[in-house]
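Visitor: I'll drop the sequence and a predicted model, then ask my questions.
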Amino acid sequence: MLAILFMLGYEHMWLLFVISVVRSFGQGVQSPAVSAILPDIVPQEKLMRVNGIHSGIQSAMMLIAPVAAGGLYEFMRLRAIFWVDVITAAIGISLMFALHVERKTPPAMEQHVFREMLSGIHYVTGTRWLRQFMIIYAAYALMFGPVMFLTPLMVARSFGEESWRLVAHEIAFASGAILGGVISSVFADKFKNKVSLVLIGCLAFGAGTAVMGFSQGFWFYLGTMAFLGVTMPFVNTGSMTVLQIRVQSKMMGRVFGLVTIISSGVMPLSMAVFGPISDSYYSRSKSNP
């Protein structure tokens with residue numbers, strides 16, 4: 001729709017915001033569906049490895065997609081780039097047609113969407129280990145927000161506003177995340193206790209964040225960002241594998257839907273808390289060097 005509207009001359013900024021909302025809604029459906037479908041097509045003993053590969057691919061896209069988009073923008077108009085997005089999406093959808101998954105819930109047992117969502121909430125709150133797991137995951141997402149959104153501001157304020165520094169910042173984190181995905185995939189069989197893996201990843205992330213706060217040189221800072229990137233797939237891969245193994249299959253989609261809601265909802269809350277704190281601290285440090 002956006003490609004067609006821009007081609008017809010309706011090049012308005014508000015259209016970008018509207019379509020971004022629509023795409024975000026679609027991603028909110030797609031992401032939990034991807035996580036929920038993996039146990040149906042992957043043997044349980046290979047879930048950790050496949051989740052690691054999936055995390056590595058997502059991390060690689062964090063690095064490749066902006067570079068590819070920037071390269072395309074040098075040679076093509078924005079409306080043409082939209083058509084590239086359409087074509088690649090069509091290829092991905094066509095590949096999904098070749099995937100056949102056995103239906104587990106008979107049509108007669110299907111419920112209304114809101115009742116299904118409520119049943120998922122009751123399942124999570126009524127299952128002790130799952131309730132505790134969601135609390136830990138929400139706390140991790142709350143702490144992860146500043147690392148995602150405030151670190152570019154830290155680079156500009158502490159080390160300089162040159163564009164290459166921001167590029168190096170993105171490359172360091174994405175490269176670390178790719179490495180973490182490779183490690184979690186290659187050594188998947190060594191991780192017997194997936195919950196311990198998640199906790200170790202959270203502790204490593206917290207330690208790396210604390211060390212990053214004492215960065216005096218830019219290259220040391222890039223090293224800590226790469227380390228934080230390495231820890232991310234351990235938490236995500238371990239979390240997804242634990243849920244895929246231990247959650248009832250009929251509740252899988254609903255649980256992963258709640259995971260998406262938590263991760264998406266906590267991020268704005270994180271920025272609402274840490275954004276003003278960072279500005280307040282920066283103002284005091286400028287007035288009292």
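Guide: Received it, and whenever you're ready, just let me know what you need.

Visitor: For the stretch 101-250 of the chain, which segments count as helices?
Guide: 113-126, 128-149, 151-158, 163-186, 194-212, 218-246 (DSSP state H, counting those that start in this stretch).

Visitor: Could you list the low-pLDDT ranges of the stretch 151-289 of the chain?
Guide: Along the stretch 151-289 of the chain, segments meeting pLDDT under 70 span 188-189, 191, 285-289.

Visitor: Please, which helix or strand holds Val86?
Guide: If you go by DSSP states H and E, Val86 is part of helix 78-96.

Visitor: Run through who's touching that helix.
Guide: With contacts defined as CB atoms under 8 Å, 6 or more residues apart in numbering, helix 78-96 is touched by Leu2, Ala3, Phe6, Met7, Glu11, Ala69, Leu72, Tyr73, Met76. Quick note: C-beta positions are derived from backbone N, CA and C, even for glycine.

Visitor: per-residue confidence averaged over that helix?
Guide: Confidence for helix 78-96, expressed as mean pLDDT, is 86.

Visitor: which one of the helices of the stretch 101-250 of the chain lies closest to Met48?
Guide: Among those, helix 218-246 comes nearest to Met48, with 4.8 Å by CB to CB.

Visitor: For that closest one, buried residues please.
Guide: 221-244 (16 or more other CB atoms under 10 Å).

Visitor: which non-adjacent residue is nearest Pro39?
Guide: Spatial nearest neighbour of Pro39, excluding adjacent residues (CB to CB, 6 or more residues apart in numbering): Gln244 at 4.6 Å.

Visitor: For that neighbour, which residues are in contact?
Guide: Here Gln244 is in contact with Ser35, Ala36, Leu38, Pro39, Leu47, Asn51, Met252 (CB under 8 Å, 6+ apart).

Visitor: From the chain's centroid, how far away is stretch 267-275?
Guide: Put simply, stretch 267-275 sits 16 Å off its chain's centre (CA atoms, centre = their mean, to the nearest Å).

Visitor: ok so, going back, point out the most buried one among the helices of the stretch 101-250 of the chain.
Guide: helix 218-246 (a mean of 22; mean count of other CB atoms under 10 Å).

Visitor: what's the angle between that helix and helix 194-212?
Guide: Between the axes of helix 218-246 and helix 194-212, defined by axes from the mean of the first three to the mean of the last three CA atoms, to 10 degrees, the angle is 160 degrees.

Visitor: Helix 218-246: what's the following helix or strand?
Guide: Counting by DSSP H and E, the next helix or strand C-terminal to helix 218-246 is helix 252-287.

Visitor: which helices and strands sit right next to that next one?
Guide: Applying 3 or more CB pairs under 8 Å, 6 or more residues apart in numbering; DSSP states H and E, we find helix 252-287 packed against helix 13-41, helix 113-126, helix 128-149, helix 218-246.

Visitor: Check which residues of the first one are buried.
Guide: Neighbour-count burial for helix 13-41 flags Ser31, Pro32, Ser35, Ala36, Ile37, Leu38, Pro39 (criterion: 16+ other CB under 10 Å).

Visitor: Among these, which one lies nearest to Tyr282?
Guide: Checking these against Tyr282 by CB to CB gives Ser31 as the nearest, at 33.8 Å.

Visitor: Which residue, other than its chain neighbours, is closest to that closest one?
Guide: Per CB to CB, 6+ apart, closest to Ser31 is Thr260, 5.3 Å.

Visitor: The one you found: what's it in contact with?
Guide: Gly28, Ser31, Pro32.

Visitor: Verify the contact between the last one and Gly253 for me.
Guide: Think Pro32. Yes. Checked against CB atoms under 8 Å, the pair Pro32 and Gly253 is within contact range at 6.0 Å.

Visitor: list the residues that contact both of the two?
Guide: By CB under 8 Å, 6+ apart, no residue touches both Pro32 and Gly253.

Visitor: just so I know, which of the helices of the stretch 101-250 of the chain lies nearest Ile19?
Guide: Nearest of the helices of the stretch 101-250 of the chain (CB to CB): helix 128-149, 21.9 Å.
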